[in-house]
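Q: sequence unavailable; structure follows:
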C-alpha cells in the first residue's frame, strides 16, 4: 500500500512537472545585433567619430609642437648656455607631460561620452525586449550575444523581429 501511494505520488509529480515544462515559452535574441541596428546607435557612432577626430586633431597639433621644439633644441643645443639649455629641456619635458596628460584625459572623456551615449540605447533595447516578452507570454528570453548560450532549441523563438517592430524599425 505504501509503495502504491509513493508510486502514485511520483507519477503525479512527473505529470505536474511535464505540464509545467510544457508551459515554458523560450525566446532568444542577439542584443548586440539589435543595438547595432538601432538608429540611435548609428547616430552615437557618428558622434563618437567626431569626438575622436577632434581629439586626434589636438593630439597631432601637440605632437607637432613637441617635434618642432625638439628639432629647434637639437639644432641649437650646442649654442645654448647651461641656463638656456636647462630651460629648453624643462620646456620639452613639460610639453611631453602635457601631451601624455591630454591623452589620458581625452581617453577617459571619450569612454565617459560613449557610456553616456550608449546607456539610453541599452535601456531602450532592454525595455523593448521586456515588453515583447510580456506581450507574447515568454517565460525566458536568452541573450545569444552574451556568449553563454551555445544552443537554442527549435522551440526557442528569435524575438529580434518582434523587438524591432516594437521599436518601429524594419
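A: Received the coordinates, thanks. What you see is a predicted model, and the numbers here were worked out from it, not measured in a lab.

Q: helix or strand for the spatially most central residue of the chain, which one?
A: Residue closest to the average C-alpha location in the chain (Cα atoms, centre = their mean): residue 118, at 7.1 Å. Per DSSP states H and E: residue 118 is located in helix 82-135.

Q: try residue 48
A: Element membership for residue 48 (DSSP H and E) is helix 39-76.

Q: which strands or helices does that helix pack on?
A: Secondary-structure packing of helix 39-76 (3 or more Cβ pairs under 8 Å, 6 or more residues apart in numbering; DSSP states H and E): helix 82-135. For the C-beta atoms, the positions are set from N, CA and C on the backbone; glycine is no exception.

Q: next secondary structure after the helix it packs on?
A: Using DSSP H and E, the helix or strand that follows helix 82-135 towards the C-terminus is strand 140-143.

Q: run through this structure and note the low-pLDDT ranges.
A: 1-22, 147-153 (pLDDT under 70).

Q: which elements pack onto the helix holding residue 118?
A: Helices and strands touching helix 82-135, by 3+ Cβ pairs under 8 Å, 6+ apart, are strand 26-29, helix 31-37, helix 39-76, strand 140-143, helix 160-166.

Q: against which helices or strands is the second one packed?
A: Translated: helix 31-37. Using 3+ Cβ pairs under 8 Å, 6+ apart: helix 31-37 touches helix 82-135, helix 160-166.
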